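Asker: Fold the following.
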Amino acid sequence: MREKQIIRLVVALVAICGFASASVVGYHVEPVKASWSGLTRTIWGQDYVAQTVVACWDTLERVELFAGAKGNGGTYRAGVVLDGDEIMWSNGVQGQSESWVKFEDWNTQVAFTKGKTYEVRFTRSGGDSYA
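Answerer: Next up, the predicted model:
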């Protein structure tokens, strides 16, 4: 008799744990290859290189762009676009050719939200196109 009660208790605990783990999902984003969401725009004076991302974080603190030739002083701008509107931007300077450009101090107009799809657009100053 006691064995049946223990078995029932174990089965009930397993069922409860299975139900609870299946019901709890904090946040989920399907994995994608970065190159699948890259794009460029090559309209004279409006050139940029962009990457579309689904945010799986709450804030945007630092973005990096690997740039080739320094060109025109190596000043870049990163703009974050949501539904066609730029909601935040940051400037970065390339120290030398073939190096990473960091964008850290963001001018924010709208809060960054986890789960939304954003487009990060990179442009280079001085009319120097790399798109």
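Asker: could you pull out the helices for this protein?
Answerer: 2-23 (DSSP state H).
Asker: give me the low-pLDDT residue ranges for it?
Answerer: Along the chain, the parts satisfying pLDDT under 70 run over 1, 17-39, 41-42, 44-45, 71-73, 126-131.
Asker: hmm, 90 instead?
Answerer: Residue ranges of the chain with pLDDT under 90: 1-76, 84, 93-100, 105, 108-117, 121-131.
Asker: What are the boundaries of the strands in the chain?
Answerer: In the chain, the strands defined using DSSP state E lie at 38-41, 48-54, 63-67, 75-82, 85-93, 99-103, 107-108, 117-124.
Asker: Tell me which of those lies nearest to residue 8.
Answerer: The stretch from the strands of the chain with the least distance to residue 8 (CB to CB) is strand 48-54; that distance is 44.2 Å. For glycine as for every other residue, the C-beta is placed from the backbone atoms N, C-alpha and C.
Asker: Find out how far that closest one is from the centre of the chain, if you would.
Answerer: 9 Å (CA atoms, centre = their mean, to the nearest Å).
Asker: For that strand, which strands pair with it and how are they oriented?
Answerer: Using DSSP bridges, the strands paired with strand 48-54 in its sheet are strand 38-41 (antiparallel), strand 117-124 (antiparallel).
Asker: Deepest in the core, which of these is it.
Answerer: Neighbour counts (mean count of other CB atoms under 10 Å) averaged over each of the strands paired with strand 48-54 peak at strand 117-124, with a mean of 20.
Asker: what about that one, distance to the chain center?
Answerer: Distance, centroid of strand 117-124 to centroid of chain: 10 Å (CA atoms, centre = their mean).
Asker: Excluding chain neighbours, what is closest to residue 108?
Answerer: residue 88 (4.4 Å; CB to CB, 6 or more residues apart in numbering).
Asker: Look up the residues forming beta bridges with the one you found.
Answerer: residue 80, residue 108.
Asker: Now for it: which residues touch it?
Answerer: By CB atoms under 8 Å, 6 or more residues apart in numbering, residue 88 lies in contact with 60, 79-80, 106-110, 112.
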